[in-house]
Structure formats: C-alpha cells, structure tokens
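[1] quick check, what structure comes out for this input:
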Amino acid sequence: MTDAIPNPARRRLSLAAAALCAALAWARAAPDWPARPIRIVVPFAAGISPDIVARLVGDALVRTLGQPVLVDNRAGAAGMIGAEAAARSPADGYTVFMSVESIVGVLPHIYSRLPYDHFRDFVPVTQVVQVPYFLVTAPGSALNSLPAVLAQARDKPGSIDFASLGVGSGAHVRMAMFNSLAGVRMNHVPYKGSPLADLMGGQIALVFEPATTALPLIKAGKLRALAVTSAQPHPLAPEVPPVASLLPGYRADGWQGFFVPRGTPQEVVATLNTHAVRALRHPDVAARIAQLGLQAVGNTAEEFAAITRSEYEKWGKVARDNDIRVE
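    Here you go, the predicted structure:
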C-alpha cells in the first residue's frame, strides 16, 4: 500500500513521524519542565563570588520559571567535591552546576586523577559572568606600580613572594602566566585560606585577587591595585592599568558559568539558556553584578562551549610551561 504513495509524500510522512517521535520522547523525558525546584550546585562556600552570583541569578529565575531555585554549597578540594556531586546527579534538568574556569581549565592538567571529566560529564548552558582579577599589594609596599614589580623581578630573581589559595588556584596560575610572559621568577607561597591579612601586613608582597573581594579593600585604602587582568581598565577602578599594557597578550580574566549533567534533554538546556540569558540581561541583575566588579555575560551554549575548550587549552599550556602539578 505504501508503494502507491509518491516518494515526496512518503518523505513528508517520514519527517512528520520523526517529529512526532521526538515530541513524544521530549514529553516522556521532561513533562512540563520545570515541575519542581531546581538546584544550583556551587562548589564553594557561601558568601564568596560564585555563591553570590548563583543566588542573584537564581532569584531572577524563580520569577520566570515559576519554581524555587535552591543553592547547594558543596565546598572543598578546590571545587572537585561540588563537580563530582553535580556530575553524578540525574540528567533531568533539575541540577545546574555553577562552575569556574579553574575547575574546567586548570585542575584536569595538574591532577593525575579527578572524580569527574568535565567534557564527558557536563554540557554548557551559558557563561554567567566575567571575573577580572586585580594584582594587589599593601599600601606601603615599595612595589607601588607594575613597572616596579617587573624591575625588581628582573633585577633580583626570586626576591618577590606572591601568595595564592593553593597550587593551581586562580591566583597561582595567573601569576605563573605573568612570570612566563615577563621572563621572571617569583616565589609562590600557597595558603590554605585567604592570604589577604598577611598581604596587608607586609608578610607577602603580591596577590592576584578577584574583583569581588579586591575592590572593596582597594576603595577602603587597605590594598593598592597595581594592575588588572582585563584587556581594558575596570570601570570601577579606571586608574588601574591592565597587565597587558606592559605585557602584551596577557589575558587572564576568570569566569563563572552554568552547566548541566550530560544527557539532560536538549529542550531543557535550551529553555534554561533562554531564561538564564534573560535574567542576566535584566537591568537590575546586570547592575547588581556590575556593583560586585563583575560583568554579566549570557551567551549561547555553543559560544560557551568554545570558550571552555579555549580556556582548557590556555591553562593547560600555563600548567605545562610552569610545571604546575599536585602529586
């Protein structure tokens, strides 16, 4: 009987049947999504930048998705605990992972084994924010400018100590990139907690600190900003030069972004992207993020996927060039 149907008609019927099957599969995979609360896994403690941003965007998503959005802080092991928890969650659209560039781009290169594989276990939704870092020192330090830092580092190799939250942390890899481009050597002092008290006290010379924590201390006169990782001066500190003004090619802003477990229905990913981008472009949300010293982004999943791959390659080279490893 089907042989009597002309070929073009058969093709139309096949396409219609395929569309119906896809629609039925979607209905089975995620009926009326979201139908219950959504969880954002933040792999850091409450009160720091990724947590604050996740709560800001989560509050905006509540208003458009019509479901509660809960933040689940899973801090520890440089973000690996949260990453593993999110990776092992059901791929049903009810778990969102708030990741950062170090989890995606640095940790895979410095640990021999990880409890997750970012590119295998997650798919991107959207980049949420761009995170500038400031190179800061104590107000009374003799290293009162970026040229002064470069001059001493070149004239007296190993005479400058810089701190970070540990091997492979954001501050560590940013200074490693700085050292590579400048052709200098500075001493890394890893801390288990924030090194800012010792920095302000003069025990440590330099730290690369995210804008969210650096800017209030800079404005209060407790820290001196020498440079910023962005390509352009920061709007809240326009007098601070970019590192790239003396080291061309230096680009080291961080980022925070939403991912979901691989296998999450594509329709859910697309819907979540639409609502997250809408939230980030809302004037109130964007203004609040800007007050934190960050920049709201909100791009397509495909654009964010390209960024994560590029970041993985960039920080991998930094780790290899500087022999950054955790044994």
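[2] what segments of the stretch 1-150 of the chain are strands?
    According to DSSP state E, counting those that start in this stretch, the stretch 1-150 of the chain carries its strands in the segments 38-42, 69-73, 95-100, 122-131, 133-137.
[3] quick one: the fourth one to strand 95-100, angle?
    Here strand 122-131 runs at an angle of 40 degrees relative to strand 95-100 (axes from the mean of the first three to the mean of the last three Cα atoms, to 10 degrees).
[4] now do strand 122-131: which elements does it pack against?
    With contacts defined as 3 or more Cβ pairs under 8 Å, 6 or more residues apart in numbering; DSSP states H and E, the packing partners of strand 122-131 are helix 49-65, strand 95-100, strand 254-261, helix 266-280, strand 295-296, helix 301-321. In short, each C-beta sits where N, CA and C put it, glycine included.
[5] ok, which of those comes nearest Gly201?
    When the helices and strands packed on strand 122-131 are compared by Cβ to Cβ, helix 49-65 sits nearest Gly201, at 23.7 Å.
[6] contact partners of the closest one?
    Residues from elsewhere that reach helix 49-65 (Cβ atoms under 8 Å, 6 or more residues apart in numbering): 34, 38, 40, 42-45, 68-71, 73, 98, 100, 128-129, 131, 210, 212-213, 256, 275-276, 278-280, 282, 285, 288-289, 292, 294.
[7] go again using 7 Å as the cut-off
    34, 40, 42, 44-45, 68-69, 71, 73, 98, 100, 128-129, 131, 210, 212, 256, 275-276, 278-280, 282, 285, 288-289, 292, 294 (Cβ atoms under 7 Å, 6 or more residues apart in numbering).
[8] returning to what we had before: list just the one of the helices and strands packed on strand 122-131 that sits closest to Ser89.
    With respect to Ser89, and counting by Cβ to Cβ, the nearest of the helices and strands packed on strand 122-131 is strand 95-100 at 3.8 Å.
[9] list phi and psi for Pro157.
    In terms of degrees, to the nearest 10, the main-chain angles of Pro157 are phi -60, psi 140.
[10] wait, doesn't it sit right on Arg185?
    Yes - with contact defined as Cβ atoms under 7 Å, Pro157 counts as touching Arg185 (4.8 Å).
[11] quick check: neighbours shared by the two?
    Both Pro157 and Arg185 lack any common contacting residue under the criterion Cβ under 7 Å, 6+ apart.
[12] one step back: now the strands of the stretch 1-150 of the chain as TSV including mean neighbour count and distance to Asp59?
    Shown next, in TSV, are the strands of the stretch 1-150 of the chain (neighbours: other Cβ atoms under 10 Å; distance: least, Cβ to Cβ, whole Å):
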stretch	mean neighbour count	distance to Asp59
strand 38-42	23	11
strand 69-73	18	7
strand 95-100	26	14
strand 122-131	24	13
strand 133-137	25	26
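[13] list the contacts of Val243.
    Applying Cβ under 7 Å, 6+ apart, the residues near Val243 are Leu135, Phe178, Ala227, Thr229, Tyr250.
[14] I figured Phe259 hits Pro124, correct?
    Yes - checked against Cβ under 7 Å, the pair Phe259 and Pro124 is within contact range at 5.6 Å.
[15] chain neighbours aside, what residue packs nearest to Asp121?
    Across the structure, with Cβ to Cβ, 6 or more residues apart in numbering as the measure, the residue nearest Asp121 apart from its sequence neighbours is Ala87 (3.9 Å).
[16] any idea how far the one you found lies from Pro261?
    Per Cβ to Cβ, to the nearest Å, Ala87 is found 6 Å from Pro261.
[17] what does Leu292 give?
    Counting by Cβ to Cβ, the gap between Leu292 and Pro261 amounts to 28 Å.
[18] repeat that for Glu209.
    Distance, Glu209 to Pro261, by Cβ to Cβ: 32 Å.
[19] which of the two has more neighbours?
    Neighbour count, other Cβ atoms under 10 Å: between Glu209 and Pro261, Glu209 has more, with 26 against 20.
[20] quick one: list the elements packing against the helix or strand harbouring that one.
    Glu209 is part of strand 206-210, with elements assigned from DSSP states H and E. In terms of contacts (3 or more Cβ pairs under 7 Å, 6 or more residues apart in numbering; DSSP states H and E), strand 206-210 is packed against strand 133-137, strand 161-164, helix 170-182.
[21] please consider this matter closed, and thank you.
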